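Asker: model the structure of this input:
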Amino acid sequence: MIEIRDVWRLYHMGSETINALAGVNLDVGRGDFVSIVGPSGSGKSTLLNIVGGLDLPTSGQIEVDGQNLTKANDSELSDYRNRKLGFVFQTFNLQPTYTTLENVALPLVFAKVPPGRRNRLAREVLETVGLAYRTGHTPGQLSGGERQRVAIARALVNDPSIILADEPTGNLDSKTSELIVDLLTRLSRERKITLLLVTHNLRIAEHADRIVHMADGQIVD
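Answerer: Next up is the predicted model:
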């Protein structure tokens, strides 16, 4: 599903060059659940952003489901993100004035899905994550765990092949964190979704089929 070949990502800060990624090679199969762990600055989020088409490598090649992202233009990358990907972030990234239903339906607005169908799809995924009773609530009326479940529903609503989760339990207590990662694991297996999860928490990482350890922009184990 994902093929990463000798990927480098360099950033220039004045006269200094920072190797955010330094020759990364990685294969991820369809439906695999892979955790990416490592200290701050190890390149975890940079790698996730490159897989997500939010950033491009300085050199090397990345293919996702046969599509070469390194040769894609902005329009193709936007279409790729909308069709194939769901994103889950540590800070939830929900619109504070939107209802739960409106937040979940937002990717379908960008995909130009008609209002009736997008509301139906949003309700279906909210039911999947156990929040069918919260459709009219705004994020401020929800707990942290509920907000993250809304974010997961939003990631699912466009029926993605891949979910990219960047520290999805970072703002949650340990019990809620376990519930969230159990939900992601179940959804990945039931729907054959490829799941890449970045975390500092080894207990969370151990839910995955495989753990990739990063340090100094490289995969070390």
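Asker: okay, and the residue most central in space within the chain sits in which element?
Answerer: Residue closest to the average C-alpha location in the chain (Cα atoms, centre = their mean): L164, at 1.8 Å. Element membership of L164 [criterion: DSSP states H and E] is strand 162-166.
Asker: before we move on, back to that, which ones are touching the residue nearest to the centre of the chain?
Answerer: L48, V51, G52, L85, G86, F87, V88, L196 (Cβ atoms under 8 Å, 6 or more residues apart in numbering). Where C-beta positions appear, they are placed from N, C-alpha and C, glycine not excepted.
Asker: and of those, the nearest to N73?
Answerer: G52 (16.1 Å; Cβ to Cβ).
Asker: doesn't R81 make contact with the closest one?
Answerer: Yes - counting by Cβ atoms under 8 Å, G52 does reach R81; the two are 6.6 Å apart.
Asker: got the angle between the longest helix along the chain and strand 162-166?
Answerer: Counting by DSSP state H, the longest helix found in the chain is helix 174-191. Computed by axes from the mean of the first three to the mean of the last three Cα atoms, to 10 degrees, the angle separating helix 174-191 from strand 162-166 equals 170 degrees.
Asker: what is the rounded mean pLDDT of helix 174-191?
Answerer: What helix 174-191 shows for mean pLDDT is 93.
Asker: can you check stretch 66-85 too?
Answerer: Stretch 66-85 comes out at a mean pLDDT of 93.
Asker: could you work out the end-to-end span of that stretch for me?
Answerer: Taking Cα to Cα, to the nearest Å, stretch 66-85 runs 15 Å from one end to the other.
Asker: make residue 1 into 32 and carry on from there
Answerer: Let's use 32 as the start, then, which means that last one is stretch 97-116.
Asker: what lies in contact with that stretch?
Answerer: Against stretch 97-116 from outside (Cβ under 8 Å, 6+ apart): 81, 83-85, 87-88, 91-96, 138, 141-142, 189, 191-195.
Asker: from the residues you listed, which land in strands?
Answerer: The strands, defined by DSSP state E, take in G91, Q92, I93, E94, V95, I193, I194, L195 from those.
Asker: what would those look like in a markdown table with distance to E237?
Answerer: Below are those laid out as a markdown table (distance: Cβ to Cβ, whole Å):
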| residue | distance to E237 |
| --- | --- |
| G91 | 29 |
| Q92 | 31 |
| I93 | 26 |
| E94 | 28 |
| V95 | 26 |
| I193 | 21 |
| I194 | 18 |
| L195 | 19 |
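Asker: can I have the buried ones of the residues you listed as a PyMOL selection?
Answerer: Buried residues among the ones in strands among the contacts of stretch 97-116 (16 or more other Cβ atoms under 10 Å), as a PyMOL selection:
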select buried, resi 91+93+95+193+194+195
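Asker: so which of the ones in strands among the contacts of stretch 97-116 comes closest to S71?
Answerer: L195 (18.4 Å).
Asker: report pLDDT for the closest one.
Answerer: 96.
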